[in-house]
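Chemist: Fold the stuff below for me.
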Amino acid sequence: MHKSHKNSFVFGFFSWYIRYIIKRDFSAYTFNNFKINKDEAVLLLANHFSWWDGFLMFQLNRLLFKKEFHVLVTEEDYKKHWFLKYVGAFAAEGKGKDVVETLLYAGELLNDPDSLVLVFPQGKLYSVYHNNIAFEKGVMQVVNASKKKFQIIFAANLVDFSSRKPTVHTCLNSWEAEEYMSLQLLKSEYNKHYTEAIKTQNKVAL
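Modeler: Have a look, this model is predicted:
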């Protein structure tokens, strides 16, 4: 498994750099605020349609959650973008047994109340025009590998191109997991949130 190797200097630099490029390339980045339980870790589930997604969620954590940031990425991205491992990224090395061990590791991270684990349930980039967010089965392996004492937060990232510089909004919702949670239930509840977020965004844009 490719683990994260946080370095305070590199982490500090990219914290600044991410703030800088978001401010430079977007006219605004907004999100709805709500109360965070400081005594529980956060499993942050977000749609994945752009190069920006991880950076936006990193910034969101810095501004709102203020927890130890971890993100599950593909091995390709881990190797391609050298700096990711220094800001909390980890990835499976190859397939098979190592994938299982990586998902178990992600679940164990959720046992620490100071942790935030970002997972893109789609597993890879999809077009922004997809109306239904797919969920790979690994998401439930992460959940089941934990003690299940964490918050599940749905994040729907939506971009508006109504001006020269686009605006981006993250619509957040905390979901109370049911006792017998399944992948299909989790996917269904996330997509309800995603659909409602799009409807709300469309009203704002009109």
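
Chemist: Could you tell me how many residues sit around W16?
Modeler: 10 (other Cβ atoms under 10 Å). For every residue, glycine as well, the C-beta is placed using N, CA and C.

Chemist: What helix or strand is it located in?
Modeler: helix 8-25 (DSSP states H and E).

Chemist: do the same with K187
Modeler: helix 183-205.

Chemist: So which residues make contact with that helix?
Modeler: Where contact means Cβ atoms under 8 Å, 6 or more residues apart in numbering, the residues beyond helix 183-205 that reach it are 45, 47, 121, 131-135, 137, 139-140, 143, 152, 154, 156, 158, 160, 162, 169, 171, 173, 175, 177-178.

Chemist: cutoff 7 Å now
Modeler: 45, 47, 132-133, 135, 137, 139-140, 154, 156, 158, 160, 162, 169, 171, 173, 175, 178 (Cβ atoms under 7 Å, 6 or more residues apart in numbering).

Chemist: which of those residues are buried?
Modeler: The neighbour count (16 or more other Cβ atoms under 10 Å) marks 45, 47, 133, 135, 139-140, 154, 156, 158, 160, 169, 171, 173, 175 as buried among these.

Chemist: Make CSV from those and add pLDDT, distance to S15 and secondary structure to it.
Modeler: Shown next, in CSV, are the buried ones among the contacts of helix 183-205 (pLDDT from 0 to 100; distance: Cβ to Cβ, whole Å; DSSP: H, G, I helix; E, B strand; the rest coil):
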residue, pLDDT, distance to S15, secondary structure
L45, 97, 23, strand
N47, 91, 23, coil
I133, 87, 28, coil
F135, 89, 30, coil
V139, 92, 27, helix
M140, 92, 31, helix
F154, 97, 25, strand
A156, 94, 24, strand
L158, 91, 24, strand
D160, 88, 26, strand
H169, 94, 21, strand
C171, 95, 24, strand
N173, 95, 26, strand
W175, 90, 28, strand
